[in-house]
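Enquirer: Sharing a sequence plus its predicted fold:
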Amino acid sequence: MVDSAQLVPSQTLSDGAFERIQTAIVQGDIPPGTRISEQFLSSTFGIGRGPLREAIRRLEGRRLVVRIPHAGVRVVSLSYEELIELYHVREALEGMACRLAAQNMTDAEIAGLRKVLAEHEQHSGLQANQSYYRQEGDLDLHYLIIHGSKNRTLSDMLCGDLYHLVRMYRYKFSSTPKRPQQAFAEHHRIIEAIADRDGELAEMLMRRHISASRRNIERRLLEQDGASLSSGEHC
């Protein structure tokens, strides 16, 4: 029999590989659509083939990479339509989560939201109105509110299957001029509605918040398309 202690280093290597590659994808260091080979990842991150294959399998599970027949593994790249659909789903489900959070979060959990928002306010990117605080998990207000809904199905969907895919695009578009301070103010109003136990208002504010983010993405992508067409005309 194999001593279970012998399995720990391999599992730790796999976890480390997974976290490092996931971070690189979410932050855009490995851009959407990039073909990633085991050799490339192994040489870039100094990771052996065994832990690497397990890491890729887990990244597939989180929908950050896709395996395409005869083309290998690529970082996911959502089309315009798929991305907008994703934001419509977020708007509906996170609005529901916010309403439930107003009903179910404890006073201590709401105090925790305020504490995280205060940490966001100190971030240099937000103060310069250039980017929003982009941490994950317990430092992410959306994550905390979803878990505060106390609805396991919503948590599994929004903090499991979709979470890092959404983070990838939140990260990409969070540096739009003037949007960071606007988003911060929207977060502040959402937390106050939750604290007032006004589920209807909390849901409406969250839906408006995500809708504003979606419109920002639509505008950015249309501008990029326009710039591409313009540069093509001058070739």
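Expert: Looks like it arrived, so ask away.

Enquirer: Looking at this protein, which helix is longest?
Expert: Assignment by DSSP state H gives helix 199-233 as the longest helix of the chain.

Enquirer: Now do that helix: which elements does it pack against?
Expert: helix 80-104, helix 163-173, helix 179-195 (3 or more CB pairs under 8 Å, 6 or more residues apart in numbering; DSSP states H and E). C-beta here means a position set from N, CA and C on the backbone, and glycine is covered the same way.

Enquirer: Okay, buried residues for stretch 105-124 please.
Expert: For stretch 105-124, the buried set under the neighbour-count rule, 16 or more other CB atoms under 10 Å, comprises 105, 109-110, 112-113, 116-117, 120, 123.

Enquirer: Likewise for stretch 146-164?
Expert: Residues of stretch 146-164 classed as buried: 146-151, 154-155, 157-159, 162-164 (neighbour count, 16+ other CB under 10 Å).

Enquirer: re the thing from before, please tabulate the helices and strands packed on helix 199-233 in a markdown table and include distance to S213 as additional columns.
Expert: As requested, these are exported to a markdown table (distance: least, CB to CB, whole Å):
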| stretch | distance to S213 |
| --- | --- |
| helix 80-104 | 7 |
| helix 163-173 | 7 |
| helix 179-195 | 7 |
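
Enquirer: Could I get the contacting residues of R49?
Expert: R49 makes contact with 38, 42 under the criterion CB atoms under 8 Å, 6 or more residues apart in numbering.

Enquirer: make that A193, sorry
Expert: 98, 102, 201-202, 205.

Enquirer: if we go to 10 Å?
Expert: Residues counted as contacts of A193 (CB atoms under 10 Å, 6 or more residues apart in numbering) are 98-99, 101-102, 199-206.

Enquirer: Which of those sits closest to E81?
Expert: Looking at the contacts of A193 and their distance to E81, the nearest is M206, at 23.2 Å (CB to CB).
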